[in-house]
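Trainee: need coordinates for the following:
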Amino acid sequence: MVSGTSAVNDESNHPICSAKGCRADAVWVLAWNNPKLHTPERRKTWLACDEHREHLSQFLGVRGFLKDVVTLAEWESRAAGGPDSAADR
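Mentor: Residues are numbered from 1 along each chain as shown. Predicted coordinates for the structure are as follows:
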């Protein structure tokens, strides 16, 4: 599961989209921070389904908050230190 998020579907225990009212399974992780509140290395996360990825990305992007958009599988692999992790590059 994505660290730092509470968007989990109670019925299936799968991460769900962070868009208001959306109950679709998450496919994307949008990593962001607010430079007025967070240190530069801090990453908060929103989850997104395919339908809401662009909308949520634009919302964060126009505010200068968006730092990275990756698949949920890639994010989890990075967190676990898997082959896609930044430490292995």
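Trainee: please make it C-alpha for all contacts and neighbour counts, starting now.
Mentor: OK.
Trainee: residue 75 falls within a helix, correct?
Mentor: Yes - the assignment for residue 75 is a helix, going by DSSP: H, G, I helix; E, B strand; the rest coil.
Trainee: helix, strand or coil for the spatially closest residue to it that is not a sequence neighbour?
Mentor: Ranked by C-alpha to C-alpha, 6 or more residues apart in numbering and with sequence neighbours excluded, the top spatial neighbour of residue 75 is residue 29, at 6.9 Å. With three-state DSSP as the basis, residue 29 sits in strand.
Trainee: number the chain from 2, please
Mentor: I'll keep to 2 as the first residue from here, and by that count the last item is residue 30.
Trainee: next, count neighbours for residue 30.
Mentor: 26 (other C-alpha atoms under 10 Å).
Trainee: same deal with residue 69?
Mentor: 12.
Trainee: just checking, it touches residue 33?
Mentor: Yes - between residue 69 and residue 33 there is a contact at 6.9 Å, judged by C-alpha atoms under 8 Å.
Trainee: follow-up on the earlier one: the residue nearest to residue 76 bridge partners, please.
Mentor: residue 48, residue 71 (DSSP bridges).
Trainee: any idea how far it is from residue 45?
Mentor: 10 Å (C-alpha to C-alpha, to the nearest Å).
Trainee: what's the span of stretch 21-41 from first residue to last?
Mentor: Note: stretch 21-41 ends 27 Å apart using C-alpha to C-alpha.
Trainee: this completes my enquiry, with thanks.
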